[in-house]
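Visitor: can you look at this prediction? I've put the sequence above it.
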Amino acid sequence: MTKSALLVGASGTLGSRILRLFGLALASTTVIPASRRGAGATARSIDVGDPRTFAAALAGIDVVVNAAGPYRYDPAPLVAACVERGIHYLDLAESPDFLGRVRQAATGAEAAGVAVVGGCSSVPGLVDLLARPFFEEQGARSVAAWLSMGSANAVSGALLEGLLAPLGRHAPDGARYFGAVTSRIIGGRRLRFGRHPVGLAESVLPVRLHVGFDRAPLVYALRAVAPALGQLSESAVARVARAGAPLAALFRPFGTPRGVLRVEALDEAGRALAAVEVEAHTDGLDVPAWPAVWVTRRLLQDASAGSGALSLAEVVPRDEALAELRSAGFEVREDPAPRE
């Protein structure tokens, strides 16, 4: 029997990429695009903020992929609707608050045989997946993750809002996100970064994330505006992001499509024990899109994939993920002796 996946937010920047990747990796699965405006023979209409739209959109669906960012709404009604109907659910959220609500809404999912998998993207899913063996095999006490994005890639208001929303606000240790700029040599280049929330519980997996761009002026510009952004409400930041998306497009001709994610195992003194890097020379935004495809395929094809509130690392083996990234054309470097 043909399985069906509902891709919510299919018209967005990441949703459209996931739709394309589904065509490459899940040819035997019927993928139905869905959005607030989508309706017709090949698409469905759904509003993640209006439960009245769920019944028709979820009819006959086996798995829901929620790519409808920015993830500032309450996901509980949609997750609960999926669990009630025996439908697997996954999203690409990075917001710690959103992911916490997803886990809370997954109550009853295990008994129903439903998998609820939040954060199936670069952050926090791929960072978590790459970092876990460092604790289990390398004896790491903490992990540092460095994510540099290519400024030639397209940016939407939703993606920009996800980047800007935490800036200037307090981290759990009292520091402010993007309160300072640090540098790291990655892939032979010195890149600049600011601290950003990773969406993982510090008590479970102590990971510190740093986010930046291939062009240093963009990072310093974020550092400069962080204090002001930290004083704004979420709705005000959303307005800034929508207004800033066209401005961000002006930088694309001066940037590169190159993106890289480096995850380092650290000892008690903060020294690097081991590291892994994933570098995209083109199509850098495919990296955060691929994990949703892997999870969907695993949930649809493997009855033993698991149920309840799960993470990407609990559904997709690390070696399999690295092989998938290499097969997709990305460069993967496992570095036992990291460079300072």
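Guide: Right, received. Where do you want to start? Numbers count the residues shown, from 1 in each chain.

Visitor: how about the helices in the stretch 151-300 of the chain?
Guide: Counting by DSSP state H, counting those that start in this stretch, the stretch 151-300 of the chain has these helices, from start to end: 157-164, 216-229, 234-249, 286-301.

Visitor: do you know which of these lies nearest residue 328?
Guide: Smallest distance to residue 328 across those (Cβ to Cβ): 6.4 Å, for helix 286-301. Heads up, the C-betas are built off the backbone N, CA and C, glycines and all.

Visitor: okay, now the sheet partners of the helix or strand following that closest one, with direction.
Guide: For helix 286-301, the following helix or strand on the C-terminal side (DSSP states H and E) is strand 308-310. Sheet pairing here is set by DSSP bridges, and for strand 308-310 it gives strand 115-117 (parallel).

Visitor: name the residues that touch the partner strand?
Guide: If you take Cβ atoms under 8 Å, 6 or more residues apart in numbering as the criterion, strand 115-117 is touched by 79, 82-83, 88-91, 102-103, 105-106, 109, 295, 299, 305-312, 315.

Visitor: residue 135: which of the helices of the stretch 151-300 of the chain is closest?
Guide: It is, among the helices of the stretch 151-300 of the chain and with distance given as Cβ to Cβ, helix 286-301, at 19.9 Å.

Visitor: now the closest one: average pLDDT?
Guide: Taken as a whole, helix 286-301 has a mean pLDDT of 96.

Visitor: how near is the residue nearest to the spatial centre of the chain to residue 58?
Guide: Most central in the chain under Cα atoms, centre = their mean is residue 121, positioned 2.8 Å from the mean C-alpha point. Using Cβ to Cβ, to the nearest Å, residue 121 is found at 22 Å from residue 58.

Visitor: can you pull out the strands in this protein?
Guide: Using DSSP state E, the strands found in the chain span residues 4-8, 30-35, 44-45, 63-66, 88-91, 115-117, 142-149, 182-186, 189-196, 207-213, 259-266, 272-280, 308-310, 331-335.

Visitor: run through the residues that contact residue 53.
Guide: Counting by Cβ under 8 Å, 6+ apart, residue 53 has contacts 45-47.

Visitor: with residue 157 instead?
Guide: Shown in contact with residue 157 (Cβ under 8 Å, 6+ apart): 238, 241-242, 244-245.

Visitor: mind giving me the ChimeraX select for those, buried ones only?
Guide: Burial among these is assessed by 16 or more other Cβ atoms under 10 Å; the matching ChimeraX selection reads:
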select :238,241,244,245
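
Visitor: want to try TSV for the contacts of residue 157, with pLDDT and distance to residue 20 as columns?
Guide: Output for those, formatted as TSV (pLDDT from 0 to 100; distance: Cβ to Cβ, whole Å):
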residue	pLDDT	distance to residue 20
238	90	27
241	89	24
242	88	25
244	83	26
245	81	21
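
Visitor: pLDDT below threshold where in the chain?
Guide: Scanning the chain for pLDDT under 70 picks out the ranges 38-41, 201-205, 336-340.

Visitor: could you redo the last one with a cut-off of 50?
Guide: 202-203 (pLDDT under 50).

Visitor: can you give the domain ranges for it?
Guide: 4-122+286-324, 123-284+331-335 (automatic domain parsing).

Visitor: can you tell me, leaving aside adjacent residues, what's nearest to residue 285?
Guide: Beyond its immediate neighbours in the sequence, the residue positioned closest to residue 285 (Cβ to Cβ, 6 or more residues apart in numbering) is residue 153, lying 5.3 Å away.

Visitor: so that neighbour touches residue 282, yeah?
Guide: No. Under the criterion of Cβ atoms under 8 Å, residue 153 is not in contact with residue 282, lying 9.6 Å apart.

Visitor: residues shared between the contacts of the two?
Guide: Both residue 153 and residue 282 are in contact with residue 257, where contact means Cβ under 8 Å, 6+ apart.

Visitor: more crowded one of the two?
Guide: More crowded of residue 153 and residue 282, by other Cβ atoms under 10 Å: residue 153, with 22 against 14.

Visitor: what's the span of stretch 7-14, first residue to last?
Guide: 11 Å (Cα to Cα, to the nearest Å).

Visitor: do the same with stretch 58-68
Guide: End-to-end span of stretch 58-68 (Cα to Cα): 15 Å.

Visitor: what is the burial count for residue 188?
Guide: Residue 188: 6 surrounding residues under other Cβ under 10 Å.

Visitor: er, residue 279 actually
Guide: Residues near residue 279, counting by other Cβ under 10 Å: 19.

Visitor: so it touches residue 259, yeah?
Guide: Yes. With contact defined as Cβ under 8 Å, residue 279 reaches residue 259; the gap is 7.4 Å.
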